[in-house]
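1. okay, sequence plus prediction incoming.
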Amino acid sequence: MSSPPLDQMRIDLQNALAPDWKRSIYKQSIESNNQMEAFKDVFRNYEILMEKNNQIQEKNDHLEREVVRLNAANLEQNKSLRSVQDSATSAQLVPELEKKIQVLQEDLTSSYKRTSENSQMILDLNKHIKVMGEDVKHKEIEIEEWKTRLHEAEETIKKLEETASEEDIVMEVLRGEVVALQTELVKSEEKAKSLIAENNQLINRWLEYKSKEAQNMNDAMDMAQGAMNSNIQAGIQKRVGQTREQDMNALSNAPSILDTMSRSAAMKVSIPKKELRNVEAHKGEICSTKFNFAGTILATGGADKLLKLWDTRSQYQPRTSLHGATQSIMSVDFSYNDEMVLAASNDNTVRIWTIQTGRTKYTLTGHEGKVMSASFTPDSNKIVSGSHDRTIKIWDLTKGYCIKTVFCFSSCNSLALNGEGKMAISGHFDHQLRCWDIRSGECIKEMDDVHTTQITSVSLSPDGTQVLTNSRDNTLKTVDIRTYSQVGSFSDENYKSGANWNTACFSPDGQYIVAGGNDGKVFIWSTLTNKLVSTLKPSSNNPTTIYSTAWGPNLDLVSVDKAGILSVWG
């Protein structure tokens with residue numbers, strides 16, 4: 001047999017084994033094994049096949065070397081055969097060599113077959129790896145989805161933890177109020193016992209006195225009958241004269257009330273459409289804002305401890321900054337004659353400045369907690385303030401001190417006075433709306449069904465017949481203070497009250513109510529339909545919570561927010 005067939009067999013064997021791409025597949029399989037633990041068994045089988053393949057390759061190499069050796073031997077034998085063709089020994093060697101070559105060719109064929117089978121198995125494994133790779137991609141997508149769900153769950157848990165923290169704070173406040181109420185109850189019981197004992201003593205003394213005087217009264221009755229009759233007649237005439245005088249005074253006051261109502265009705269209020277301008281008014285959040293009664297000055301108070309006055313006639317240019325407060329200012333108000341302005345502060349005081357001079361005129365101290373709200377009476381001689389110390393105080397400015405303290409059972413967040421200044425309406429942490437007689441300090445009415453959580457503001461309507469309340473339950477209510485009945489309810493799914501001092505207000509004609517939300521938007525409802533009629537969006541790219549709104553006699557609507565921005569809408 002000649003050598004060319006053997007050379008061709010060697011070349012075919014080397015092409016079939018292809019060691020470079022096998023080693024590349026093996027390397028990629030090892031790298032994939034590090035990434036995909038799930039294919040460990042597949043790769044283990046693949047490694048076993050590769051070991052077997054390497055063994056076969058070594059055997060093939062050995063066979064190739066043997067073929068080369070046999071070819072060399074065959075060449076020598078051919079030379080020998082040519083020289084000794086006639087010898088019998090040479091004739092015997094040729095069949096043996098041919099037999100060995102045939103065996104080697106059979107072994108080489110078997111090696112080809114095994115190599116082909118191994119290659120097919122490798123291809124099948126590659127297909128399986130590809131399928132498993134697609135499964136891994138799907139699993140990775142599912143893992144990302146679960147990560148997103150986990151993130152959402154963590155955010156929900158965070159919000160719930162914040163809510164729980166707020167609830168803990170509420171519980172602490174409620175515990176403090178319970179302790180205060182229990183203390184007040186004990187004091188009231190002791191006072192009641194003392195009053196009962198004193199009353200019994202007075203009754204006994206009165207009975208003794210009556211028994212002593214009975215006889216004297218009987219003896220003098222006949223003599224004093226004529227004089228008593230004349231005194232009675234004189235008293236009746238005097239009372240009739242007083243009644244007529246009171247009626248005449250009431251009639252003389254009627255035109256001013258009618259004039260006020262007619263002026264409110266004559267105002268033509270239009271709903272603002274957009275933000276006209278905004279001013280960086282304070283360094284830090286602005287908690288309160290209010291117009292004076294002429295609409296020429298706007299007051300703002302904030303966390304920077306300043307009360308600032310703005311000239312509305314010059315596009316809200318700063319007029320002056322009033323100093324004195326040592327902590328955040330929570331509420332501002334003007335006197336009815338527009339000569340004074342006050343600020344209720346977290347430093348437990350109420351300060352009053354003279355607008356013309358900008359100097360502090362009064363500093364009222366006496367509250368044991370931060371003062372959340374304060375208002376002037378119509379005569380500008382008294383101030384009523386509400387505090388977190390669960391008291392309402394009445395201050396006489398002519399005397400310069402507190403003339404009455406009323407225990408109001410819960411932290412007072414806001415209060416307003418009626419048009420006559422004889423009744424205060426207060427909103428509290430325990431979601432109660434209470435009405436007080438300023439003269440006696442007695443609670444006239446207590447309403448617990450207006451809101452479900454704490455009330456953040458109380459505002460009087462222009463005609464003085466209703467109050468507007470805002471609450472952390474994200475609703476606003478109007479209540480008729482003549483009948484103590486709820487008149488209107490206002491809400492929207494997008495409106496969220498963002499602070500315990502969030503202040504809402506009426507429009508100058510009483511046809512609309514306004515409140516700011518925690519998303520920086522201003523919401524306007526109609527008092528006639530109780531429906532939302534407009535939502536004003538701020539021009540800022542990063543709006544913050546609005547804390548207070550005011551709609552002035554000059555028909556400008558303003559809002560102040562957590563970032564210290566004063567916005568004018570029109």
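-> Yep, it's here.
2. CA only for contacts and neighbour counts going forward, please
-> Noted.
3. which residues of this protein score low on pLDDT?
-> 1-43, 77-78, 80-94, 207, 210-267 (pLDDT under 70).
4. pick out the residue nearest the middle of it.
-> Taking CA atoms, centre = their mean, the centroid of the chain lies closest to residue 498, which sits 6.1 Å from it.
5. the stretch 401-550 of the chain: strands as residue ranges?
-> 401-407, 412-417, 423-428, 433-437, 443-447, 455-460, 466-471, 476-480, 485-490, 505-506, 512-516, 522-526, 532-536, 546-551 (DSSP state E, counting those that start in this stretch).
6. the ones you listed: which one's closest to residue 292?
-> The closest of those to residue 292 is strand 546-551. By CA to CA, the value is 10.6 Å.
7. can you list contacts of that closest one?
-> Strand 546-551 is contacted from outside by 286-291, 498-499, 501-508, 514-522, 557-562, using CA atoms under 8 Å, 6 or more residues apart in numbering.
8. what angle separates that strand from strand 522-526?
-> Interaxial angle of strand 546-551 relative to strand 522-526 (axes from the mean of the first three to the mean of the last three CA atoms, to 10 degrees): 50 degrees.
9. I'd like the next helix or strand past the helix or strand containing residue 183.
-> Element membership for residue 183, per DSSP states H and E: helix 88-266. For helix 88-266, the following helix or strand on the C-terminal side (DSSP H and E) is strand 275-280.
10. the helix or strand that that next one is followed by pairs with which strands, and in what direction?
-> With elements assigned by DSSP H and E, the helix or strand that comes after strand 275-280 is strand 286-291. Sheet partners assigned to strand 286-291 using DSSP bridges are listed as strand 297-302 (antiparallel).
11. between the two ends of stretch 276-289, how far is it?
-> 18 Å (CA to CA, to the nearest Å).
12. pull out the buried residues from that stretch.
-> For stretch 276-289, burial by neighbour count (16 or more other CA atoms under 10 Å) applies to 278, 281-282, 284-289.
13. can you list those residues in CSV and add distance to residue 304?
-> Formatted as CSV, the buried residues of stretch 276-289 follow (distance: CA to CA, whole Å):
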residue, distance to residue 304
278, 18
281, 10
282, 7
284, 6
285, 8
286, 8
287, 10
288, 12
289, 14
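14. residue 176: which of the residues you listed is nearest?
-> Nearest to residue 176 among the buried residues of stretch 276-289, with distances taken as CA to CA, is residue 287, at 25.3 Å.
15. count the neighbours of the nearest residue to residue 376 once chain neighbours are set aside for me.
-> Leaving aside its sequence neighbours, residue 376 sits nearest to residue 383 (CA to CA, 6 or more residues apart in numbering; 4.6 Å). Using other CA atoms under 10 Å, the number of residues around residue 383 comes to 24.
16. okay, and residue 383 sits in which element?
-> Using DSSP H and E, residue 383 sits within strand 382-387.
17. could the strands of the stretch 401-550 of the chain go into a markdown table alongside distance to residue 195 and mean neighbour count?
-> Listed next are those as a markdown table, based on distance: least, CA to CA, whole Å; neighbours: other CA atoms under 10 Å:
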| stretch | distance to residue 195 | mean neighbour count |
| --- | --- | --- |
| strand 401-407 | 20 | 16 |
| strand 412-417 | 30 | 29 |
| strand 423-428 | 28 | 25 |
| strand 433-437 | 23 | 21 |
| strand 443-447 | 21 | 14 |
| strand 455-460 | 36 | 27 |
| strand 466-471 | 38 | 26 |
| strand 476-480 | 37 | 22 |
| strand 485-490 | 36 | 16 |
| strand 505-506 | 45 | 26 |
| strand 512-516 | 48 | 25 |
| strand 522-526 | 52 | 21 |
| strand 532-536 | 54 | 16 |
| strand 546-551 | 46 | 28 |
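18. which strand residues bridge the residue nearest to residue 447 when sequence neighbours are not counted?
-> Nearest non-adjacent residue to residue 447, counting by CA to CA, 6+ apart: residue 433, 5.1 Å away. Beta-bridge pairing for residue 433 (DSSP bridges): residue 427, residue 447.
19. for stretch 493-512, the distance to its chain's centre please.
-> Counting by CA atoms, centre = their mean, to the nearest Å, stretch 493-512 is centred 17 Å from the centre of its parent chain.
20. and residue 418, how many neighbours does it have?
-> Neighbours of residue 418 using other CA under 10 Å come to 20.
21. my guess is it contacts residue 424. True?
-> Yes. The pair residue 418 / residue 424 is scored as a contact, 6.5 Å apart, by CA atoms under 8 Å.
22. thank you, goodbye.
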